[in-house]
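Colleague: have a look; sequence and predicted model below, questions after that.
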Amino acid sequence: TTTGEESEETEETPDTRTAMSVAIDDEGSSGKIYFNKVLVDAVDAYNPSEGVFTVPSDGVYLISLSGAAAEESTLHFRLKQDGMSAFQAAVPGADPEVPVTLRRDSVAHSGTDTMGRSAMVRYTEGTRLYVESLAAGFDSDGELQTSWSMFSITDTMRSDVFFFVTRHSSWEEVGERVLFDQDYLIPDGDIYNDEDDIFTCPLTGIYFFSFTTGVVGEQTVQLQLHVGDRIFEIRRTADNHNGIDTLSRSVLVNCEDGEEVYITLEEGSLYSDGDSNLLSFMGFLYQPAEVSPVAFAAYRVTMLTSDSEDYDIVNFYGDDVDDEYTEPNMGNAFDGTYFTCPQNGTYYVYIGAGAEDFERLNYNLRLNGGTLIDVFRGHSSHTGLDTLGRGIILYLSEGDTLHIELAYSTLYADSTLHATFFGFLIYSDQE
């Protein structure tokens, strides 16, 4: 936990509250990605001409990476760093870098496909980071499908409750908890049991969790995150993909003191290796250091179909929704449809959805009525359900509104809460 002295120092030097968010609005090729849209750069740490983010302070960073695979094309992104950081050099046997990758080898899709994932890495000040495309190219447009966001948990949160574990090999034990063999970040004490890979919430509060897996071609998978008695699912029932793929999702939930959080494999098998780190599990306690918390999360359990080119507003509870599952809503800024920003600041926002078999998906985050980002599946050839999602960091002004709209597609939703919309304040501009 941050000490009082550390809190005073942070208050005197607010520019150490590091956040960065960049995107690209056009297709790209192999090599380093030069993101041309700077959405957030709190301390001018991203250099667009170099495509490089220079870490401004030591700490643990949450990373969200998204990309769009073009029609019948592979996608392979990797977050890279110049050389070995001082922290990694001091750990015997440590990897030169912690692999953070986003990968699709399948070329069965007949249209653009969006995917994303999150990770958590400890970096030292001065580390230079960039994203490289290892495939022939990628897609993106005005909805910014290809993006890269980071913020320092160390600088912005007053709690040191966080973890990030991965697995360097595949997992095939159906009906069992998934066990991870690479403990990159483990909290002190008995909060995380690294033998059984169970995280126990040490305090009642709001927690962010994210889990990712690789899936081999022609393989279905059902992977579940258990938070107490609630279940959040990644699912692929399509079997026509012909190569390795990445599936991921994140959630924001209330967790009671003592509740256990873990991952189980319910169907299929999970792919990972030491180079890609595709199988991972992470989380942290949301306790912003210098502001009153603002956080909301909603999960729709009722399916919705939009039959025209016109966009339909997605409600997460109300007259057209059979059930509601909304938690938390700290700050009371979310009304079931719209989040109205209560104060100027930097926010993390996540959108996720289930894509129905043989259906396109056009799931849009709107800022003040205009399209900002989307989760997009441009083809209808997949033979089963897929879970899609991505996170991004945004600067919002007081009174700005966010909501979700759906166009000419079907939003899959059920009790395992695929349809997702959540966000939280990282830090505020207001005193």
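Modeller: Okay, I see it. Numbering: from 1, shown residues only.
Colleague: mind listing the helices for the stretch 101-250 of the chain?
Modeller: Assigned helices in the stretch 101-250 of the chain, in chain order: 153-156 (criterion: DSSP state H, counting those that start in this stretch).
Colleague: where does pLDDT dip in it?
Modeller: Of all residues in the stretch 101-250 of the chain, none has pLDDT under 70.
Colleague: who's in contact with residue 189?
Modeller: residue 202 (C-beta atoms under 8 Å, 6 or more residues apart in numbering). Glycine gets a C-beta too; all of them are placed from N, C-alpha and C.
Colleague: sorry, slip of the keys, the one I care about is residue 424.
Modeller: Counting by C-beta under 8 Å, 6+ apart, residue 424 has contacts 206, 208, 252, 286, 288, 293-296, 347-348.
Colleague: which among those residues end up buried?
Modeller: 206, 208, 252, 286, 288, 294-296, 347-348 (16 or more other C-beta atoms under 10 Å).
Colleague: TSV for the residues you listed, including distance to residue 265?
Modeller: Formatted as TSV, the buried ones among the contacts of residue 424 follow (distance: C-beta to C-beta, whole Å):
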residue	distance to residue 265
206	27
208	22
252	23
286	27
288	34
294	35
295	29
296	30
347	33
348	28
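Colleague: re earlier: show me which of the contacts of residue 424 is closest to residue 316.
Modeller: Of all those, residue 316 sits closest to residue 296, with 9.6 Å by C-beta to C-beta.
Colleague: and residue 278, how far is that from residue 420?
Modeller: Per C-beta to C-beta, to the nearest Å, residue 278 is found 20 Å from residue 420.
Colleague: likewise residue 282?
Modeller: Per C-beta to C-beta, residue 282 is found 16 Å from residue 420.
Colleague: more neighbours: which of those two?
Modeller: Counted by other C-beta atoms under 10 Å, residue 282 and residue 420 do not tie: residue 420 has more neighbours, with 27 against 23.
Colleague: give me phi/psi at that one?
Modeller: As for residue 420, its main-chain torsions (degrees, to the nearest 10) stand at phi -130, psi 140.
Colleague: show me the contacts for it.
Modeller: Applying C-beta under 8 Å, 6+ apart to residue 420 gives the contacts 249-251, 297-299, 350-353, 389.
Colleague: among those, which ones are in strands?
Modeller: If you go by DSSP state E, the contacts of residue 420 have 249-251, 297-299, 350-353, 389 in strands.
Colleague: looking at those residues, which is nearest residue 191?
Modeller: Checking those one by one against residue 191 (C-beta to C-beta), the nearest turns out to be residue 251, at 18.4 Å.
Colleague: could you tell me how many residues sit around that closest one?
Modeller: Residue 251: 22 surrounding residues under other C-beta under 10 Å.
Colleague: hmm, residue 297 and it touching each other?
Modeller: Yes. Contact criterion C-beta atoms under 8 Å: residue 251 and residue 297 qualify, at 7.1 Å.
Colleague: which residues do these two both contact?
Modeller: Both residue 251 and residue 297 are contacted by 420, 422, under the criterion C-beta under 8 Å, 6+ apart.
Colleague: mind listing what the nearest residue to residue 123 once chain neighbours are set aside touches?
Modeller: Excluding its sequence neighbours, the residue lying closest to residue 123 (C-beta to C-beta, 6 or more residues apart in numbering) is residue 55, at 4.5 Å. By C-beta under 8 Å, 6+ apart, residue 55 lies in contact with 18, 45, 61, 123-129.
Colleague: tell me the pLDDT at residue 55?
Modeller: Per-residue pLDDT puts residue 55 at 93.
Colleague: ok, now how distant is it from residue 73?
Modeller: Distance of residue 55 to residue 73, given as C-beta to C-beta: 32 Å.
Colleague: again, but for residue 418
Modeller: The gap separating residue 418 from residue 73 is 25 Å, by C-beta to C-beta.
Colleague: what about the two, which has more around it?
Modeller: Using other C-beta under 10 Å, the more surrounded residue of residue 418 and residue 73 is residue 418, with 27 against 19.
Colleague: who's in contact with the closest residue to the more buried one other than its chain neighbours?
Modeller: Distances taken as C-beta to C-beta, 6+ apart place residue 354 nearest to residue 418, at 3.4 Å, with adjacent residues excluded. Residues counted as contacts of residue 354 (C-beta under 8 Å, 6+ apart) are 235, 385-388, 411-414, 418-419.
Colleague: do the same with residue 381
Modeller: Neighbouring residues of residue 381 by C-beta under 8 Å, 6+ apart: 108-110, 240, 358.
Colleague: mind giving me the ChimeraX command for buried ones among these?
Modeller: Of these, the buried ones go into a single ChimeraX selection, burial set by 16+ other C-beta under 10 Å:
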select :108,109
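Colleague: who touches the residue nearest to residue 239 when sequence neighbours are not counted in this structure?
Modeller: Of all residues not flanking residue 239 in the chain, residue 218 sits nearest, at 5.2 Å (C-beta to C-beta, 6+ apart). Listed by C-beta under 8 Å, 6+ apart, the contact set of residue 218 reads 239-242.
Colleague: from these, pick the one nearest residue 117.
Modeller: residue 241 (16.8 Å).
Colleague: how close does residue 392 sit to residue 352?
Modeller: Plainly put, residue 392 is 12 Å away from residue 352 if you go by C-beta to C-beta.
Colleague: ok, now residue 133?
Modeller: Taken as C-beta to C-beta, the span from residue 133 to residue 352 is 23 Å.
Colleague: looking at the two, which is more packed in?
Modeller: Ranked by neighbour count (other C-beta under 10 Å), residue 133 and residue 352 place residue 352 first, with 25 against 20.
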